[in-house]
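**Q** What follows is a predicted protein model with its sequence.
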Amino acid sequence: MYPLNVAVIGAQWGDEGKGKIIDLLTPAFAIVARYQGGHNAGHTVFVNGRKFVLHLIPSGILHPDVTCVIGNGVVVDPEALFKELDQLRAEGIEPEGRFFVSDRAHVILPYHRDVEVTSEAARGTRRIGTTSRGIGPSYEDKIGRRGVRVRDLGDRDPDGVLAQTIRANVEARNQAVGGAPVDWQSMHASLMAQWPRLEPLVTDVSIFLDEAGRNGRRVLYEGAQGTMLDIDHGTYPFVSASNGTIGGVCTGLGVGARSIGGVLGVIKAYTTRVGEGPLPTELKGDDGDALRESGQEYGASTGRPRRCGWYDAVVARYAVRVNGLQAFALTKLDVLDGLPEIQICTGYQCGDELVTEFPFDTERLATCVPVYETLPGWDATTAGVRRFDDLPVRAREYVARLEALTDTPVVIVSTGSDRADTIVREGSLVAEWLLAPSPSP
Ligand code: IMP
C-alpha cells in the first residue's frame, strides 16, 4: 500500500502558479520530486514577503525538513544547478543532504544552447520562441541515443564513453552550426571538472522513491510547464520537449502508476502563454495589456511579456481528460477584480462546426473563433481573501461556473502571491491530501 502521493500538473501553457501551490501543499509531504523539463521553468514563491524564483530545484527546498529530488526525466545543466544551489545558500537555505539528482538524468551540454539558437533562426516564421536554455537539443540527443547522462560525468577514462560521446557530438555540432568550432577536449575537461561537486548529489531516484514509499514517506510530484506545452499532448510543434502531463511522473522518476494517489491541476482564472503558437482566447491590444499589467505577466525565467487571454474551458476540460485531474487549484482570481464583465470560452466556432474538444490541427485552430459566455464581474476585492464565503458573490459564481464547465471541483483558490493568501475549501479532496498521515522525517 502506497502512502497518498499527489501530482501537481499545469493545466494550461505553464506559468499557472504551480510553485505557490506546491509550496502550500509541501508541509504534508516528505519529498518533492521533479519529473521533467529543466531550467526553462520558473517557479516563483513568496514567503513572508521574500521572493524566491526556482528554475531547476523543486520549490519544496524552501521547507527545511523536505527532501527534493530531480528525476531521470529532467535535463540538467550543471552550471545552472550549481548557481541555484549557491543562491539558495546565500539566502540561508541549506540543500545539503536533502537534495538529490538522478544518475540517469540527461545533461545539457554547452553546445546545446547554440544548436537551439541556430535551429530557431532556421525556422523563420515557424519559430517556437524557446527559452534558449538548450532544453530541446538535450532531449534530442537523449532520444537520438547519443546523450550524456549525469553519472557519465564521473567517467575518468580519457578514451572512455564520455570522451567518445562528447567528441562525436561536438564534431557533428561543428558541422551543423556555423561560427567558431567548439573544441571537444576543453569541453570534456570542463565537464569532468564538474563531477566532484555533482557526485554527492547523484543517486538512483527510482530506488530512493521506492524505499521512501515503503517507509510511508509521502511524495509530491512536481510538474513543470503545462499540459498544452507537453511534447505529445500540447499544441505541437509549439511545445516544450518533455511530458509535463501525468505519464511523465512514471517515466521521469521510475515510479509505478499505482504510486500516484491524487492528481491536482493548477489553472489560472484567465490564460497566458509565452512564446509562439496557438492561444485561442488571446486578447490583443488594450484588454490584453491591462490583464498583463494587473497580473504582472512577465516570464519568471526569461522576463518576456506573456500573451494574455480569457479562461478557456476547452483547454481546461482537455487537461482534465489527459491527466485524469481530480481537482483544480485556481490561481490569480484577484487579477480579475474590478472587471465589469468576464468571458469564458466554451468552444470554438470553426466554419460551420462548433468544436468543443481541443483540435489536433493547430493550423485549423488558427481559423476558428472562440465562443464566449459572459459573466458579470465583481467590484469588491478578492485580494488576500482566505475564506471562500468571504469572496464576492459574483466571484463565487464565476468559480462555480468553471467547476460546472469542467465537471471538476476547484479545491484551492489563490487570491494573492503570498503563501497565506489562499483559500483551501473545507471538506474538499485537498483537505484529505493535506490531512493524510504526517510524513516521517
Ligand atoms: P523550451 O522549453 O525552451 O524548448 O521552449 C518551448 C516553449 O515552451 C516556448 O514557447 C517556451 O516559452 C515555453 N516554455 C518553456 N518552459 C516554460 C515555462 O516554465 N513556463 C511557460 N512557458 C514555458
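**A** Sure, I can see it.

**Q** Helices along this protein, start to end?
**A** 18-25, 78-90, 110-123, 135-143, 161-176, 184-198, 205-214, 247-253, 286-295, 313-323, 362-365, 393-406, 429-435 (DSSP state H).

**Q** looking at these, which is closest to the ligand?
**A** Closest of those to the ligand is helix 135-143, at 4.4 Å (criterion: C-beta to the nearest ligand atom). For glycine as for every other residue, the C-beta is placed from the backbone atoms N, C-alpha and C.

**Q** Check which residues of that closest one are buried.
**A** 135, 136, 137, 138, 139, 140, 141, 142 (16 or more other C-beta atoms under 10 Å).

**Q** could you give me the average pLDDT of it?
**A** Averaged across helix 135-143, the pLDDT comes to 97.

**Q** cool, stretch 43-51 as well?
**A** The average of the pLDDT scores along stretch 43-51 is 80.

**Q** what do you get for stretch 122-129?
**A** 91.

**Q** change the start of the numbering to 630 and stick with it
**A** OK, 630 is where the count begins now, so the last one is stretch 751-758.

**Q** what sits up against it?
**A** By C-beta atoms under 8 Å, 6 or more residues apart in numbering, the residues outside stretch 751-758 that reach it are 749, 750, 866, 867, 868, 903, 904, 905, 906, 933.

**Q** which stretch in the helices of the chain is the model least sure about?
**A** Among these, helix 1058-1064 scores lowest, with a mean of 78.

**Q** Show residues contacting that helix.
**A** Helix 1058-1064 is contacted from outside by 633, 635, 654, 657, 891, 893, 955-956, 958, 1038, 1040-1041, 1053-1054, using C-beta under 8 Å, 6+ apart.

**Q** what about residue 899, neighbour count?
**A** 26 (other C-beta atoms under 10 Å).

**Q** Those residues of this protein touching the ligand, which are they?
**A** Listed as neighbours of the ligand in the chain under the rule C-beta under 6 Å from any ligand atom: 643-644, 669-671, 757-760, 762, 764-765, 853-854, 858, 869-870, 903-904.

**Q** Tell me the bridge partners for the nearest residue to residue 899 once chain neighbours are set aside.
**A** Distances taken as C-beta to C-beta, 6 or more residues apart in numbering place residue 940 nearest to residue 899, at 5.5 Å, with adjacent residues excluded. Applying DSSP bridges to residue 940 gives these bridge partners: residue 973.

**Q** show me the contacts for residue 940.
**A** Residue 940 touches 896, 897, 898, 899, 900, 910, 971, 972, 973, 974, 1031, counting by C-beta under 8 Å, 6+ apart.

**Q** measure the second one to the ligand for me?
**A** Residue 897 is 12 Å from the ligand, where distance means C-beta to the nearest ligand atom, to the nearest Å.

**Q** shouldn't that residue be in contact with residue 957?
**A** No: if you go by C-beta atoms under 8 Å, residue 897 and residue 957 don't touch, sitting 10.3 Å apart.

**Q** before we move on, back to that, using JSON lines, lay out the contacts of helix 1058-1064 together with distance to residue 799 and neighbour count.
**A** JSON lines is the format used below for the contacts of helix 1058-1064 (distance: C-beta to C-beta, whole Å; neighbours: other C-beta atoms under 10 Å):
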{"residue": "633", "distance to residue 799": "46", "neighbour count": "17"}
{"residue": "635", "distance to residue 799": "42", "neighbour count": "24"}
{"residue": "654", "distance to residue 799": "43", "neighbour count": "23"}
{"residue": "657", "distance to residue 799": "46", "neighbour count": "18"}
{"residue": "891", "distance to residue 799": "44", "neighbour count": "20"}
{"residue": "893", "distance to residue 799": "42", "neighbour count": "27"}
{"residue": "955", "distance to residue 799": "46", "neighbour count": "19"}
{"residue": "956", "distance to residue 799": "47", "neighbour count": "21"}
{"residue": "958", "distance to residue 799": "44", "neighbour count": "28"}
{"residue": "1038", "distance to residue 799": "52", "neighbour count": "16"}
{"residue": "1040", "distance to residue 799": "49", "neighbour count": "23"}
{"residue": "1041", "distance to residue 799": "47", "neighbour count": "24"}
{"residue": "1053", "distance to residue 799": "51", "neighbour count": "18"}
{"residue": "1054", "distance to residue 799": "54", "neighbour count": "18"}
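
**Q** can you pull the contacts of the residue in the stretch 780-929 of the chain positioned nearest to the ligand?
**A** Here the residue of the stretch 780-929 of the chain nearest the ligand is residue 904; by C-beta to the nearest ligand atom that distance is 2.3 Å. Going by C-beta under 8 Å, 6+ apart, residue 904 touches 757, 758, 759, 760, 867, 933.
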